[in-house]
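>>> Fold the following and give me the result.
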Amino acid sequence: MITIQGFAKLCGCNTQTLRYYDRIGLLKPERVDEWTGYRYYEEEQALQFVKIKNLQQADFSIEEINVNDVLYRLSHATMLSYFRPTSPVGHLVQFVLPTEPCDLTV
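Predicted structure coming up:
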């Protein structure tokens with residue numbers, strides 16, 4: 001498991017973003033220590049972070065992304081993501097534009 005600071009560094013964001021995503025239920029940490037409140041993430045959760053960022057780049061608002069859990073309505077194959085090779089998460093994922101239309105209606 002990775003601390004929130006380590007996960008923020010991996011994803012190229014700040015800890016405030018991750019705390020906000022947790023608060024609104026968009027990207028929950030894998031575990032929160034009940035005594036300290038520290039948030040811990042799995043490295044695989046970086047893919048979900050990249051999906052959020054890709055949807056934002058496609059002009060979806062946070063509210064649209066969060067409604068009915070659109071992240072899980074998109075197929076994993078459709079949203080395998082690619083950030084620029086220089087991105088901190090570039091080595092983890094690869095972005096492929098959809099070859100089929102995705103039904104994102106609520």
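
>>> Now residue 41: closest residue in space, sequence neighbours ignored.
residue 7 (4.0 Å; CB to CB, 6 or more residues apart in numbering). All C-beta atoms are positioned from the backbone trio N, CA, C, and that covers glycine.

>>> doesn't the one you found fall inside a strand?
No. Going by DSSP: H, G, I helix; E, B strand; the rest coil, the assignment for residue 7 is helix, not a strand.

>>> I figured it hits residue 18, correct?
Yes. Residue 7 is within contact range of residue 18, at 6.6 Å (criterion: CB atoms under 8 Å).

>>> Mutual contacts of these two, please.
Common contacts of residue 7 and residue 18, defined by CB atoms under 8 Å, 6 or more residues apart in numbering, comprise residue 41.

>>> In the longest helix belonging to the chain, which residues are buried?
Taking DSSP state H as the criterion, the chain has its longest helix at helix 46-57. Across helix 46-57, burial judged by 16 or more other CB atoms under 10 Å covers 46, 47, 48, 49, 50, 51, 52, 53, 54, 55.

>>> sorry, back to before: give me the number of residues near the residue nearest to residue 41?
Applying other CB atoms under 10 Å, we find 24 residues neighbouring residue 7.

>>> Kindly list the main-chain dihedrals of residue 40?
phi -130, psi 140 (degrees, to the nearest 10).

>>> Quick one: residues contacting it.
1, 2, 3, 4, 29, 30, 31, 32, 33.

>>> that older thread, between the buried residues of helix 46-57, which is closest to residue 66?
residue 52 (9.2 Å; CB to CB).

>>> Show the contacting residues for the closest one.
So residue 52 contacts 21, 26, 27, 65, 71 (CB under 8 Å, 6+ apart).

>>> Could you tell me which of these belong to strands?
Among the contacts of residue 52, DSSP state E puts none in strands.
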